[in-house]
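Visitor: With the input below, show me the fold.
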Amino acid sequence: MLAEVEAWLSRRTSSAADWPARALLAAKRSATISVVLPARNEEETVGEIVSAVRRDLVEAVPLVDELVVIDSRSSDDTAARALRAGAKVFAQDEILPELHDPHYDGKGEALWKSLAVTTGDLVVFVDADLREFRTSFVTGLLGPLLTDPAVGYVKACYDRPLLGATEPNAGGRVTELVARPLLNLHWPLLAGFVQPLAGEYAGRRSVLERVPFVTGYGVELGLLIDLLDMVGLDALAQVDLGRRVHSHQSTEALGGMAGQIMHTAWARLERQDKIVPLHEPSARLVQFERGPAGHRPLTRDVGVSERPPMATVPQYASRLR
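Guide: Below you'll find the model as predicted:
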């Protein structure tokens, strides 16, 4: 590991226990805070998460000013349950409707659009499929931002158990097989991030609105690489949140996620002049399933689209005036 990364690890890594809610309230001063949950078909968990944040961090300790769920084309009761639990709920396709395009989809699209309907100086993103959720996930991510103005973006790290497996991090399969090797190969300054694909992170609006958002599963990797390029390693931090339990994808679905992450990395390698591309990478991923007549090929599109920095969108800029 690079000496610079070792120094960063000791200086910019903390634990959720270091940041109790009442201490953060004293540090908050005039800052406003938005918590955002991107959600698609998460009726089983979204209400519990919203209720916990509202109970602990809105009512008991008035730390969070805005609690928002972005409903990403759910076909179940996600929106209604989030609303009953006390969140503001926005349908993804109704935000900036003049920019609507059905090809822009996925988690990154929901996160990008959330910047247009929230107002917090600090924005915390939390996945809506978490089980055994604790509000220390939110306070942990806010700690470095509220106490150090030099920090612009904070990633979660944690153990990721795979249900039924004995290894504490068996759930991070795409991280270990795809994302970590890519980062160590091409962006070694990011090698200190324990969970580079963590779905929980927080940032200053003034930082988040200046970077593009990949619309698919490459959003976490894209943000990390782009923010390193824009603000430097010392403006990034990570917080140990303990243990994260959530539903898991099939191996086939993880293959699609891996493809999107590789496309995201390719685009940044090209943009940063780290490669000389001699071809355009294919957006097709062929996988196989066994049928009555043998193995049958299944083709999926793993190409990614990208939304521009929100600060460059005229509709958003006019709202800020």
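Visitor: what residue lies at the spatial centre of the chain?
Guide: Note on the chain: the residue nearest the mean C-alpha position is residue 199, at 3.9 Å, using C-alpha atoms, centre = their mean.
Visitor: Now residue 301: closest residue in space, sequence neighbours ignored.
Guide: residue 283 (5.4 Å; C-beta to C-beta, 6 or more residues apart in numbering). Every C-beta, even on glycine, is put in place using the N, C-alpha and C of the backbone.
Visitor: cool, and residue 201?
Guide: Closest to residue 201 by C-beta to C-beta, 6+ apart is residue 155, at 4.8 Å.
Visitor: quick one, helices of the chain?
Guide: If DSSP state H is used as the criterion, the helices of the chain fall at 3-12, 21-28, 46-54, 78-85, 107-117, 136-147, 173-174, 180-186, 205-208, 219-231, 251-271, 314-320.
Visitor: and the residue nearest to residue 301, how many residues sit next to it?
Guide: Residues near residue 283, counting by other C-beta atoms under 10 Å, number 13.
Visitor: Looking at it now. What's its pLDDT?
Guide: Residue 283 carries a pLDDT value of 95.
Visitor: what do you get for residue 167?
Guide: 56.
Visitor: wait, doesn't the residue nearest to residue 201 sit right on residue 196?
Guide: Yes: judged on C-beta atoms under 8 Å, residue 155 makes contact with residue 196 at a distance of 7.3 Å.
Visitor: what ranges of this structure fall below the confidence cut-off?
Guide: 162-171, 246-247, 320-321 (pLDDT under 70).
Visitor: Quick check: neighbours shared by residue 155 and residue 196?
Guide: residue 224 (C-beta atoms under 8 Å, 6 or more residues apart in numbering).
Visitor: related to what we said a few turns ago, so for residue 62, which of the helices of the chain sits nearest?
Guide: helix 21-28 (7.0 Å; C-beta to C-beta).
Visitor: I'd like the helices of the chain written out as a markdown table, with distance to residue 288 and mean neighbour count added.
Guide: Putting these into a markdown table (distance: least, C-beta to C-beta, whole Å; neighbours: other C-beta atoms under 10 Å) gives the following:
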| stretch | distance to residue 288 | mean neighbour count |
| --- | --- | --- |
| helix 3-12 | 39 | 14 |
| helix 21-28 | 50 | 15 |
| helix 46-54 | 34 | 23 |
| helix 78-85 | 32 | 20 |
| helix 107-117 | 26 | 24 |
| helix 136-147 | 38 | 25 |
| helix 173-174 | 19 | 19 |
| helix 180-186 | 24 | 16 |
| helix 205-208 | 39 | 19 |
| helix 219-231 | 26 | 22 |
| helix 251-271 | 9 | 19 |
| helix 314-320 | 43 | 11 |
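Visitor: Which among these is found nearest to residue 67?
Guide: helix 46-54 (5.7 Å).
Visitor: from memory residue 299 sits against residue 288, does it?
Guide: No: in this structure, residue 299 is not within contact of residue 288 by C-beta under 8 Å, at 10.3 Å.
Visitor: ok, back up a step: please name the residues that touch the residue nearest to the centre of the chain.
Guide: Per C-beta under 8 Å, 6+ apart, neighbours of residue 199: 107, 125, 126, 127, 156, 220.
Visitor: quick one: the second one and residue 48, what's the gap?
Guide: Counting by C-beta to C-beta, to the nearest Å, the gap from residue 125 to residue 48 is 17 Å.
Visitor: what's stretch 273-286 in contact with?
Guide: In contact with stretch 273-286 (C-beta under 8 Å, 6+ apart) are residues 186, 255-256, 259, 262-263, 266, 268-270, 297-303.
Visitor: so how many other residues sit close to residue 217?
Guide: Residue 217: 26 surrounding residues under other C-beta under 10 Å.
Visitor: got the contact list for it?
Guide: 106, 107, 108, 256, 257, 260, 261.
Visitor: Which residue is the nearest non-sequential neighbour of the first one?
Guide: Nearest residue to residue 106, sequence neighbours excluded (C-beta to C-beta, 6+ apart): residue 216, at 4.1 Å.
Visitor: isn't that neighbour right up against residue 304?
Guide: Yes: if you go by C-beta under 8 Å, residue 216 and residue 304 touch, sitting 4.6 Å apart.
Visitor: Now the common contact residues for those two.
Guide: Overlap of the contact sets of residue 216 and residue 304 (by C-beta under 8 Å, 6+ apart) consists of 108, 260, 264.
Visitor: Pretty sure the last one sits against residue 303.
Guide: No: under the contact definition of C-beta under 8 Å, residue 264 does not touch residue 303, with a separation of 10.3 Å.
Visitor: re the thing from before, export the helices of the chain to CSV and tack on distance to residue 238?
Guide: Below are those laid out as CSV (distance: least, C-beta to C-beta, whole Å):
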stretch, distance to residue 238
helix 3-12, 7
helix 21-28, 17
helix 46-54, 21
helix 78-85, 28
helix 107-117, 19
helix 136-147, 9
helix 173-174, 18
helix 180-186, 13
helix 205-208, 16
helix 219-231, 10
helix 251-271, 19
helix 314-320, 28
